[in-house]
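Dropping the sequence and predicted coords here.
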Amino acid sequence: MKSFVQNWLDIQSQSIEGLCSALFLLFDPESNGLKPEFQWPVGSPEPLELVVIAKLALQRQASVINAGISDEADDGKIFDYLAVPVVSDKRLLGIIAIKTAHHGEQKQQQILHTLTADIKWLAMLQSTEQKPDIFYSKVVKFAINCLQQDSLGKALTALIADFTNEYDCQRIAIGVLKKHHIQVTALSNSAKFDDKSNLISMIASAMDEAMDQDKVIVYPAEGEETQIMLAHAELSRQYGNGAICTIPLVYSGAIFAVLTMERSGTQPFDQETINTCEQTLALVSSFLKLKQDDELFFVEKMAKATKNMLADVFGFKCIGLKLLSLVTLAIIILSLLIEGDYRVHADAVLEGRIQRVIPAPMKGFIDSAKVRAGDTVLKQEIMATMEDAYLKLEKIKLASERQQLKREYRDAMATRDLVQVRILNARLAQTNAKIKLKTEQLQRTAIRAPFDGIVIKGDLSQSLGAPVERGDSLFTVAPLDGYRIILKVDERSISYIQQGQKGLLTLSSQPDRKFPLQVEKITSVASIEGGRNVFRVEATLSKLPKQLRPGMEGIAKVDIGHKKLFWIWTHELVDWVKLWVWSWWP
């Protein structure tokens, strides 16, 4: 068997592109380890990297690919390492490990598939039916002669010539699958032949018969006939070759070519001949298929690639992902056809339409505070008071001065001192004015609400006795019967906002209710809030529930109009991409 394994490695060196070295390791059940037995090239140092990846394949019990590994000992070149278990009757026989030049992922998978397809020959080492070395020698000889050719035509010709000489065949033909039928492409002893001749048609029919049944057909059949052989019988009857054997060539589980051998009826095909031919074809099938694909015209390659892609897309592989893709595609198509309401959403804050600031009427000190922010007040209700003791003393003092001036005024009238009468009359009028001023100031020490509303700012309960200057802001009051909504619209959406547009407002405190609003004013000045540029847009509410209070926040949506759903979902991303591309475009 040693010569067979070594010959098998020699064949792989010709069929695997860029093969640098190969190693076959036998599995030892007693030690549960691997023992290197055969390698290519013969006599080269044992590659430790292949031993490592073989152990990894043994550990995982599966094929392993380590791609793009740099070899410092070889000037840092990049290589790929592959290892495939050799299994016979669910029993591990060993590991085949190879080192190749670095390839793309698709080529790596192709090499792995070829190696996996050819690995069954190594599994025959432990077959219960031991074959003589001459059997393997024939198989290897046929395979090497075929694999040494640089084109599909030459490979088929070499294969036909070897079979013809070895088995004394009168005629051998090979056909390939084209448009669901086999078309004869190579015929022994004939460099050229007529595709439409009766002989070629009969051979193609026999090949179709074997392909349709996916079996090796041997005519005449021995024992009970279980196969359909009408085309084979007709071919034998018309052209006199009494023994016919047709063998399909399989790649990736599908038939791509068929070989038909004919010889006289006195030399029927025995089982050993059939096994040799069948196993030789199994060994070279991958090589022939790859050659066939490489020799296709560019248009044919594109058509085949498109067909495979469509088969993958519409086949039953990855059905869950395909259903998800179909649903996604359906949603996209519907979104391109269906229109929806486009709304611009923005953060919103509720403010009073009128906000009255109540200032300190005079310089003084806070005496008491009746209300604070959040309290509702009625018109003329006292909100706070200022200390009035000083004003009362001033008023009493002025009242005493007025009494004194009145007595002096009466004395001057009695003495008929007209000049003094005029002076005292002026001073008396001045004192009356001061008394009136103090009276007004005393009345203003009680700070009253200008209208019914709510205090939205101001808390003097913590500032009792504190001094205030005239004009200092003490309270801010807003009425309860008028509100405005302040929308903070992002600059990317401000171009869609226009005066008079309507929308809805939902407050955080009442998420189950929606309040209708209408845009009234758009400011042209932007501000930065939360790391984004926003514009202030004012809107009004048509309905004013009693539960509303200034300062409430929520989300507002302004109706813009009808747009395609796809545009609604993607326009912001598209605008961002356009801006980004323009910024980088030279």
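Structure received.

Now do Ser197: how many residues are near it, please.
Neighbourhood size, Ser197 [other CB atoms under 10 Å]: 11. For the C-beta atoms, the positions are set from N, CA and C on the backbone; glycine is no exception.

Contact partners for Asp559?
Asp341, Tyr342, Arg343, Gln501, Lys502, Gly503 (CB atoms under 8 Å, 6 or more residues apart in numbering).

any idea which element it lies in?
Using DSSP states H and E, Asp559 maps to strand 553-564.

name the element the spatially closest residue to Phe566 that is not a sequence neighbour belongs to?
Among residues not flanking Phe566 along the chain, Ser335 sits closest, at 3.9 Å (CB to CB, 6 or more residues apart in numbering). Ser335 belongs to helix 319-337 when elements are defined using DSSP H and E.

same for that helix, what does it pack against?
Helix 319-337 is packed against strand 553-564, helix 565-584, with contacts defined by 3 or more CB pairs under 8 Å, 6 or more residues apart in numbering; DSSP states H and E.

how about that helix: buried residues?
Residues Ser335 are the ones in helix 319-337 that count as buried (16 or more other CB atoms under 10 Å).

end-to-end on stretch 487-498?
Stretch 487-498 has an end-to-end distance of 13 Å (criterion: CA to CA, to the nearest Å).

wait, I meant stretch 64-78
17 Å.

do stretch 23-41 as well
Terminal-residue distance, stretch 23-41 (CA to CA): 9 Å.

repeat for stretch 539-557
End residues of stretch 539-557 are separated by 11 Å (CA to CA).

ok, residues contacting that stretch?
With CB under 8 Å, 6+ apart, stretch 539-557 has contacts from 343-353, 355, 454, 456, 478, 480-485, 487, 503-510, 513, 515-520, 558.

If any of those residues are buried, give me the PyMOL selection for them.
In PyMOL, a selection of the buried entries from the contacts of stretch 539-557 looks like this (16+ other CB under 10 Å):
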select buried, resi 343+344+346+347+348+349+350+351+352+454+456+478+480+483+484+485+487+503+504+505+506+507+515+517+519+558
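
Now name the helix or strand holding Ile396.
Per DSSP H and E: helix 389-414 holds Ile396.

returning to what we had before: of all the helices and strands packed on helix 319-337, which one is nearest Tyr239?
Within the helices and strands packed on helix 319-337, the stretch nearest Tyr239 is helix 565-584; the backing value is 66.5 Å (CB to CB).

Hey, what's the angle from the closest one to helix 319-337? Just curious.
Interaxial angle of helix 565-584 relative to helix 319-337 (axes from the mean of the first three to the mean of the last three CA atoms, to 10 degrees): 90 degrees.

pLDDT (mean, whole number) over helix 565-584?
Here helix 565-584 scores 90 as its mean pLDDT.

Sketch out the low-pLDDT regions of the stretch 1-150 of the chain for me.
For the stretch 1-150 of the chain, the stretches flagged by pLDDT under 70 are 1-4, 46, 89, 120-137.

now the helices for it?
2-15, 48-60, 105-118, 120-123, 133-147 (DSSP state H, counting those that start in this stretch).

now those as JSON lines including mean neighbour count and distance to Met211?
Compiled in JSON lines, the helices of the stretch 1-150 of the chain are given as follows (neighbours: other CB atoms under 10 Å; distance: least, CB to CB, whole Å):
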{"stretch": "helix 2-15", "mean neighbour count": "18", "distance to Met211": "25"}
{"stretch": "helix 48-60", "mean neighbour count": "17", "distance to Met211": "35"}
{"stretch": "helix 105-118", "mean neighbour count": "16", "distance to Met211": "19"}
{"stretch": "helix 120-123", "mean neighbour count": "18", "distance to Met211": "22"}
{"stretch": "helix 133-147", "mean neighbour count": "18", "distance to Met211": "21"}
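
Kindly present those as JSON lines, with separate columns for distance to Arg263.
JSON lines is the format used below for these (distance: least, CB to CB, whole Å):
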{"stretch": "helix 2-15", "distance to Arg263": "28"}
{"stretch": "helix 48-60", "distance to Arg263": "45"}
{"stretch": "helix 105-118", "distance to Arg263": "29"}
{"stretch": "helix 120-123", "distance to Arg263": "27"}
{"stretch": "helix 133-147", "distance to Arg263": "17"}
